[in-house]
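Peer 1: Got a sequence here, can you build the structure:
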Amino acid sequence: MGIPISGFILDSGDSSNSGNSGSKHSHKLYITSWNGRAVPHIHQFEGVTSLDVGHNHRYVGLTFLAATGVQHVHSYYAETSIDDGHAHIIQGTTGPAIPLPNGGHIHYFEGYTTVNGSTPHTHMYRGNTGNEIVE
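Peer 2: Below you'll find the predicted structure:
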């Protein structure tokens, strides 16, 4: 008895050699459910904020599970390092999935921290998540 799976196939877009036995045409299979259960995943993210008011902050975290499996985004939240006597919060929603050449995907994220500090200010941050981590 087989295990039911669902997902989608992404075509490489190279149709120049279609029909030839030496074709380099390929497809990627993204499984979104296995035996009726969604394949949940998260992503690690980290970085350094912009330099503002003479300092920056480091951050590291894990995204939340995506609400859907095919084209999807993730919410994220992290508290920055304490620098210059204070920390900030970063939070938001990533961009859509960006497929990787060898499988998996990443997400772009960017935004501004919360306002904090003896001189109230924010920092800009941006980056790409790591590849997916299947839970």
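Peer 1: If we ignore the residues flanking it in sequence, what's nearest Ile133?
Peer 2: Ile42 (5.3 Å; Cβ to Cβ, 6 or more residues apart in numbering). All C-beta atoms are positioned from the backbone trio N, CA, C, and that covers glycine.
Peer 1: now Leu65
Peer 2: Pro40 (4.9 Å).
Peer 1: okay but the one you found is in contact with Val134, surely?
Peer 2: Yes: using Cβ atoms under 8 Å, Pro40 is in contact with Val134, at 7.2 Å.
Peer 1: Counting neighbours, go ahead and name the busier of the two.
Peer 2: Pro40 (12 against 9; other Cβ atoms under 10 Å).
Peer 1: Would you map the strands across this structure?
Peer 2: Along the chain, counting by DSSP state E, strands occupy 5-11, 27-34, 37-38, 41-48, 58-62, 75-79, 89-93, 98-99, 105-106, 108-112, 124-128, 132-134.
Peer 1: tell me the angle of the fourth one relative to strand 108-112?
Peer 2: Pointing back at strand 41-48 there. Note on geometry: by axes from the mean of the first three to the mean of the last three Cα atoms, to 10 degrees, strand 41-48 and strand 108-112 are set 50 degrees apart in direction.
Peer 1: Okay, now the sheet partners of strand 41-48, with direction.
Peer 2: Strand 41-48 has these partner strands in its sheet, going by DSSP bridges: strand 58-62 (antiparallel), strand 132-134 (antiparallel).
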